[in-house]
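Visitor: Okay, predicted coordinates and the sequence, questions at the end:
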Amino acid sequence: MAKKSAGPQRTGRELVRNIGIVAHIDAGKTTVTERFLYYSGKIHRIGEVHDGAAQMDWMVQEQERGITITAAATLFPWKGFEYHLIDTPGHVDFTIEVERSLRVIDGAVVVFCAKGGVEPQSETVWHQADKFKVPRIAFVNKMDRMGASFNRVLGEMRDRLGANPIPVQVPIGAEDQFRGVIDLVEGKAWYFSGHEEDSPEEAEIPADCEFDVDALRTVLMERAAEQDDALTEKFLMEEFLTPEEIRFGLRRGTISGTLVPVFVGSALKNTGIQLLMDGVCEFLPSPLDLPPVRAIKARSDEVIELAPYDTEPLAMMAFKVAMEGSRKNVYFRLYSGRVDEGDDLINVRENKKEKCSRIFQVHANKRERIDSAIAGDIVLIPGMKSVVTGDTLCKGTVQVLMEQIDSYEPVISMAVEPRNMAEKEKLEEAVQRLMEEDPTFKVHEDPETGETLISGMGELHLEVIMDRLTREYNVEAKAGKPQVVYRETFKGVTNGVGNFERIIEEDNKEKHMYGNVSLTVSPLERGGGVEAELDPSLVARFGERSKLLAAALQGARDAASASGANGYPVQDVKILITDIGTREGAAMVEVAYIIAAQEAFRRAAADDGCRLLEPIMAVEVVTPDAHVGDVMGDLGQRKGRIENMENRGDRQVISAFVPLRNMFGYATELRSKTRAGASFTMTFLRYGTVDDV
């Protein structure tokens, strides 16, 4: 039974920090989070990822693999501030967890490995944060590792991310000599014993410091001064800025997105974490510091702004769904207003009523029941039957819709065969629940073989799904080999004509239904999607608001998303509706023109023959020099195209484009060829062929 508290801390909203921890896999996100929880007093014993004991990695699959799979939320205090924190996955297969977390946080801590630097998933999460205009601070982790280089990470942030990093700290030593940090804002050094219970010791800046601290402090003051006219004037008068003024300027630059303050340390060695937690308070925004969130008033085009006050009308977004048996738990971020236990709510997208039966504050998979939540809070509410990821809930007469959360299309599938009919029913129920949780997980039945096909973002994604089906839902099923999800496009400009005629009986009378559509399909460049347009002459004849023209467009789009000549969805084409036919005495109804347009598209696809497109992956392999030849030769055999090779510390980084169908089992093969000395990351690039990426 969950313990019930009096309600959320009524911390002033200026003291709230809604933050996410994001990074490439193995950069140390969860280790950083674990230290945040320990030093805040939320937990009293640090659990390590490599021991499967981290608080935020609570799923069995996470503990066994030593990776984060699902975004986990928590709430804790720090020096009078209230942190709402989301720890996100780093593996590309679970990037939707990062996407929906970044959608609802106000600021992010981006963790970089001091040895690995800016890695592929670092770039992905950085650009996801750019998309949502999330202010960021950076933490260069693992400074105690062999090959660690603080300056190299700064350079890669500038070159590969287009960022404007500004160090607020620099390390004292590196690799096995790393022992502390220099605070450039205050102009002092901090030393750490490495023991979790010991406090950092303040000291003078060492004389043998490899960094020119005075020069770096001057740059820091200059960057801070650029953010405020009064500070600029003071700096130009050659006056030193106080630490408070430096923080004020840097905070403004961080919130505006023009600066990224950079911290440094080693989370595993408990070095620099308390200073990073202070940095979150000092530089990342509260809900009050950001522009109001824009939303559309329901059933209108009116744009309104949501102010983060509990006196405003309620607007909250569902950003994550988690199934608990047959019960649906939904995570919400409140943008304005207040929700109380027992409130009647409305799911604006579905226009359906929902009851707020209970409200919980969350710590990973643990909960604390509360009476109410207010703007700026992140909470869990169970039992919301109609709610899916991205929905907006309101109460009262003011109903708004916030921008939906984008999803991703699966690139890999496998057949799942249940042991018997009883298991088939269990399988169908289980996959439906998993689809509600995960927008990137899809299930469909192969029309030719009758097999159940599950689709996801990669081999690991499907492996975790199968594991959950077995452990959580007790489904006995056998998985087939992973299969690539293909697409099609047209080879050239092709015409198609579709006709629909049917006589039906209505009110004891025969009714003649008729529809005729002519269209032209032409290929677009890779990444062009599907465009559907009307010939201007048709608009002139029938008018822009013609329901028949709209039906023809809908039918053509539906046909393209269904299948081309080879049975796969079509993309990168432009469909032009060139003509629609009518017949005197026949009923011209919309459904007839939808079906006629679908037939016209299918005929065009059959005549064209269509070209198969396959998922092309951007692969980055980090390998010792001794194995470069073996790695490149193997990528060549997999029909890969080498794009770049560069040094990264004591290793070589090979970047290539490779068809996904040739990458199954690559992890095992790479370990074998390099004696477990190399690692790789693989990210979906686009559909196409290796030659046209």
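Guide: Happy to help now that I have it.

Visitor: where does the protein dip in pLDDT?
Guide: Counting by pLDDT under 70, the ranges of the chain that qualify are 1-11, 47-58, 447-449, 507-508, 690-693.

Visitor: For this protein, which residue occupies the most central location?
Guide: Centroid-nearest residue in the chain, with CA atoms, centre = their mean: residue 99, separated by 2.0 Å.

Visitor: I figured it hits residue 405, correct?
Guide: Yes. Taking contacts as CB atoms under 8 Å, residue 99 lies within contact range of residue 405: 6.5 Å. The way it works is simple: take the backbone N, C-alpha and C, and place the C-beta from them, glycine included.

Visitor: Contacts made by the helix or strand where the residue nearest to the centre of the chain lies with the rest, please.
Guide: Under the criterion of DSSP states H and E, residue 99 resides in helix 95-104. With contact meaning CB atoms under 8 Å, 6 or more residues apart in numbering, helix 95-104 is reached by 18, 20, 22, 69-71, 86, 88-89, 108, 121, 124-125, 128-129, 131-132, 134, 317, 319-320, 333, 378, 389-390, 405-408, 438-440, 457.

Visitor: Can I get that helix in PDB? Just the C-alpha atoms.
Guide: The C-alpha trace of helix 95-104 is given here as PDB (Å, rounded to 0.1, in the frame of the first residue of the first chain):
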ATOM      1  CA  THR A  95      15.500   6.800 -28.200                       C
ATOM      2  CA  ILE A  96      11.700   7.400 -27.900                       C
ATOM      3  CA  GLU A  97      12.300   7.500 -24.100                       C
ATOM      4  CA  VAL A  98      14.700  10.400 -24.600                       C
ATOM      5  CA  GLU A  99      12.400  12.100 -27.000                       C
ATOM      6  CA  ARG A 100       9.300  12.200 -24.800                       C
ATOM      7  CA  SER A 101      11.400  13.000 -21.700                       C
ATOM      8  CA  LEU A 102      13.000  16.000 -23.400                       C
ATOM      9  CA  ARG A 103       9.600  17.200 -24.500                       C
ATOM     10  CA  VAL A 104       8.600  17.800 -20.800                       C
END
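
Visitor: immediately after it, which helix or strand?
Guide: strand 107-113.

Visitor: Which strands or helices does the next helix or strand after that next one pack on?
Guide: Next in sequence after strand 107-113, counting helices and strands by DSSP H and E, comes helix 120-131. In terms of contacts (3 or more CB pairs under 8 Å, 6 or more residues apart in numbering; DSSP states H and E), helix 120-131 is packed against strand 16-23, helix 95-104, strand 107-113, helix 150-161, strand 679-688.

Visitor: got the ones you listed as CSV, with distance to residue 142 columns?
Guide: As requested, the helices and strands packed on helix 120-131 are exported to CSV (distance: least, CB to CB, whole Å):
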stretch, distance to residue 142
strand 16-23, 11
helix 95-104, 20
strand 107-113, 5
helix 150-161, 10
strand 679-688, 15
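
Visitor: Correct me if wrong, but residue 46 is in a strand.
Guide: No. Residue 46: not assigned to a strand; according to DSSP: H, G, I helix; E, B strand; the rest coil it is coil.

Visitor: Leaving out chain neighbours, which residue sits closest to it?
Guide: Spatial nearest neighbour of residue 46, excluding adjacent residues (CB to CB, 6 or more residues apart in numbering): residue 38 at 5.0 Å.

Visitor: how far out from the middle of the chain is stretch 417-435?
Guide: Its chain's C-alpha centre and that of stretch 417-435 lie 28 Å apart, by CA atoms, centre = their mean, to the nearest Å.

Visitor: returning to that earlier point: the helix holding residue 99 vs strand 107-113, what angle?
Guide: Orientation note: helix 95-104 sits at an angle of 140 degrees relative to strand 107-113 (axes from the mean of the first three to the mean of the last three CA atoms, to 10 degrees).

Visitor: Contact partners for residue 78?
Guide: So residue 78 contacts 36, 39-40, 277, 280-281 (CB under 8 Å, 6+ apart).

Visitor: at 10 Å what do you get?
Guide: By CB atoms under 10 Å, 6 or more residues apart in numbering, the contact list for residue 78 reads 15, 17, 36, 39-42, 274, 277-278, 280-281.

Visitor: now, which of those sits nearest residue 504?
Guide: Using CB to CB, residue 17 comes nearest to residue 504 of the contacts of residue 78, at 62.9 Å.

Visitor: hang on, that closest one packs against residue 84?
Guide: Yes. The pair residue 17 / residue 84 is scored as a contact, 7.1 Å apart, by CB atoms under 10 Å.

Visitor: so what sits against both of these two?
Guide: 105-106, 287, 376.

Visitor: If you rank these by neighbours, which is first?
Guide: residue 376 (27 neighbours; other CB atoms under 10 Å).

Visitor: Can you pull the phi/psi pair for that residue?
Guide: phi 100, psi -20 (degrees, to the nearest 10).

Visitor: Next up, the contacts around the residue lying closest to it once chain neighbours are set aside.
Guide: Once flanking residues are discounted, residue 376 sits nearest to residue 287: 4.1 Å by CB to CB, 6+ apart. By CB under 10 Å, 6+ apart, the contact set of residue 287 is 13-14, 16-18, 84, 106, 293, 307-309, 333-336, 375-377.

Visitor: go on, residue 44?
Guide: Contact analysis of residue 44 by CB under 10 Å, 6+ apart lists 37-38.

Visitor: Kindly report the same for residue 71.
Guide: By CB under 10 Å, 6+ apart, the contact set of residue 71 is 20-22, 56, 86-89, 94, 96-102, 319-320, 322, 331.

Visitor: re earlier: right, so of the helices and strands packed on helix 120-131, which gets closest to residue 207?
Guide: Of all these, it is helix 150-161 that lies closest to residue 207, at 19.3 Å by CB to CB.

Visitor: Next secondary structure after that closest one?
Guide: Scanning forward in sequence from helix 150-161 by DSSP H and E, the next helix or strand is strand 165-167.

Visitor: What is that following strand packed up against?
Guide: Judged by 3 or more CB pairs under 10 Å, 6 or more residues apart in numbering; DSSP states H and E, strand 165-167 is in contact with strand 136-141, helix 150-161, helix 213-225, helix 243-256, strand 260-264.

Visitor: switch the cut-off to 8 Å
Guide: By 3+ CB pairs under 8 Å, 6+ apart, strand 165-167 packs against helix 150-161, helix 213-225, strand 260-264.

Visitor: can you list those in TSV and add mean neighbour count and distance to residue 630?
Guide: TSV is the format used below for these (neighbours: other CB atoms under 10 Å; distance: least, CB to CB, whole Å):
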stretch	mean neighbour count	distance to residue 630
helix 150-161	18	26
helix 213-225	17	42
strand 260-264	26	35
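
Visitor: now for these, which one comes closest to residue 469?
Guide: helix 150-161 (37.9 Å).

Visitor: Identify all contacting residues around that closest one.
Guide: With CB under 8 Å, 6+ apart as the test, helix 150-161 has contacts from 112, 114, 117-118, 122-123, 126, 138, 140, 143, 163-165, 167, 170-171, 174, 260, 262, 264, 649.

Visitor: Perfect, I'm done here.
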